[in-house]
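Visitor: Predicted model and sequence follow; I will ask about them next.
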Amino acid sequence: MKYINNNIKILEKKYASIIGESPSKGARSPKLWNKAYKNFKLKYKMYPMDVYEDNLEKLIIELRKDKKFIGGSVTAPYKEKIIKYLDGISTESKKIGSVNTLIKKNNKIYGENTDYHGVLYSLKNFSYKKKILILGGGGAGKAVILACSNFFKGKKIFVYNRNKKNVSKILDKLKTRKKLSLVHNLNEIKKMSDIDLMINSTSIGFDSWVLKEKKFVNLKFFSPLVELKNIFKINKKNKEEFIKKNLKIIKKSIHETYNFLIKNKKLSVFDIIYNPDITQLLYQSKLCNMKIKNGLDMNLYQAVKAFRIVNKIKNEAKIFESMRNDG
């Protein structure tokens with residue numbers, strides 16, 4: 001296709017896609033969707049589409065015209081940015097302010113958010129929590145905020161995001177500022193105690209090389225509880241060199257995370273990241289004998305919901321089983 005960066009050759013009569021900066025380098029959805037297509041004996045396929053932000057609108061225009069395209073998924077960093085190029089979004093997506101699912105209908109493309117359902121599915125593991133801290137308010141983070149505000153009704157929820165204005169918008173939309181409190185900086189978090197549940201919905205901890213200012217960073221080695229403004233970027237993807245350059249920040253990350261964990265001894269930790277299975281945050285939490293959960297189930301359940309909506313298949317249980325067997 002004209003506006004994507006990875007080489008794909010579409011042979012199927014119908015296809016879905018996952019759109020992002022680089023989903024070809026590790027997105028789980030193509031594996032899950034293509035297993036489900038096989039089980040339902042549909043000769044469709046999901047393809048990862050890597051696209052630069054400058055070409056995002058052009059790609060949507062191209063997909064809108066393409067009769068083979070049926071919809072699909074959206075991943076980082078375009079869950080919010082893609083909205084202005086769509087023909088409409090669901091009421092839930094408007095509340096959240098992001099979409100992760102695309103539906104093609106009558107040559108128009110609409111947005112939906114199934115991350116919300118994935119978060120709710122995972123929160124069942126933490127039913128009795130009263131004091132919750134959410135880290136991150138981006139595309140997935142907004143779904144986490146809405147899910148928590150609905151699931152933990154009447155409980156105290158603290159939200160921290162580097163861009164405070166971004167989070168304030170969703171708090172205004174939810175009109176629940178009495179139970180949702182904005183945390184202004186990491187120093188405030190360090191002073192917190194008696195938190196029951198902490199949810200990481202940032203990308204800090206995710207194992208992937210990201211190109212910034214023509215240099216590379218990998219957030220796998222850090223916890224979201226440390227400031228990363230002074231992180232060193234390197235010219236080539238080399239973990240040993242990256243660790244050496246950032247050893248001081250990595251040690252600080254470990255130390256500050258440990259200090260927070262020991263202040264909150266009854267804490268459970270849910271990290272929506274699924275690559276790696278155990279992030280630095282989860283690893284340290286496990287060492288402190290805390291209940292932990294990664295993002296594999298959330299990612300699976302949102303994929304089930306998205307697959308059902310896009311492909312108009314009612315048998316959600318069968319979708320779930322086929323994807324889970326491959327998850």
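Guide: Right, received. Where do you want to start? All figures in this text were calculated on a predicted structure; none of them were measured in a lab. Numbering: from 1, shown residues only.
Visitor: quick one, strands of the stretch 151-300 of the chain?
Guide: Counting by DSSP state E, counting those that start in this stretch, the stretch 151-300 of the chain has these strands, from start to end: 156-160, 180-183, 197-200, 209-212, 215-218, 268-271, 291-293.
Visitor: Out of the ones you listed, which is the most enclosed?
Guide: Of the strands of the stretch 151-300 of the chain, the one with the most neighbours on average (mean count of other CB atoms under 10 Å) is strand 197-200, at a mean of 27. For the C-beta atoms, the positions are set from N, CA and C on the backbone; glycine is no exception.
Visitor: coming back round to it: between the strands of the stretch 151-300 of the chain, which one is closest to Ala140.
Guide: strand 197-200 (10.2 Å; CB to CB).
Visitor: could you dump the closest one to PDB, C-alpha only?
Guide: C-alpha atoms of strand 197-200 as PDB (Å, rounded to 0.1, in the frame of the first residue of the first chain):
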ATOM      1  CA  LEU A 197      -4.100  -1.000  43.700                       C
ATOM      2  CA  MET A 198      -1.700   0.700  41.300                       C
ATOM      3  CA  ILE A 199      -2.300   0.500  37.600                       C
ATOM      4  CA  ASN A 200       0.400   1.400  35.100                       C
END
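Visitor: Identify the residues contacting it?
Guide: By CB atoms under 8 Å, 6 or more residues apart in numbering, the surrounding residues in contact with strand 197-200 are 126, 129, 131-136, 144, 148, 224, 264, 267-273, 279, 281.
Visitor: The residues you listed in helices, which ones?
Guide: Taking DSSP state H, the ones among these that sit in helices are Val144, Cys148, Leu281.
Visitor: Kindly give the local confidence score, pLDDT, for the last one.
Guide: The model reports Leu281 with a pLDDT of 98.
Visitor: surely it meets Lys220?
Guide: No: at 11.0 Å, Leu281 and Lys220 do not qualify as touching, with contact defined as CB atoms under 8 Å.
Visitor: can you list residues touching both of these two?
Guide: Shared contacts of Leu281 and Lys220, defined by CB under 8 Å, 6+ apart, comprise Gly205.
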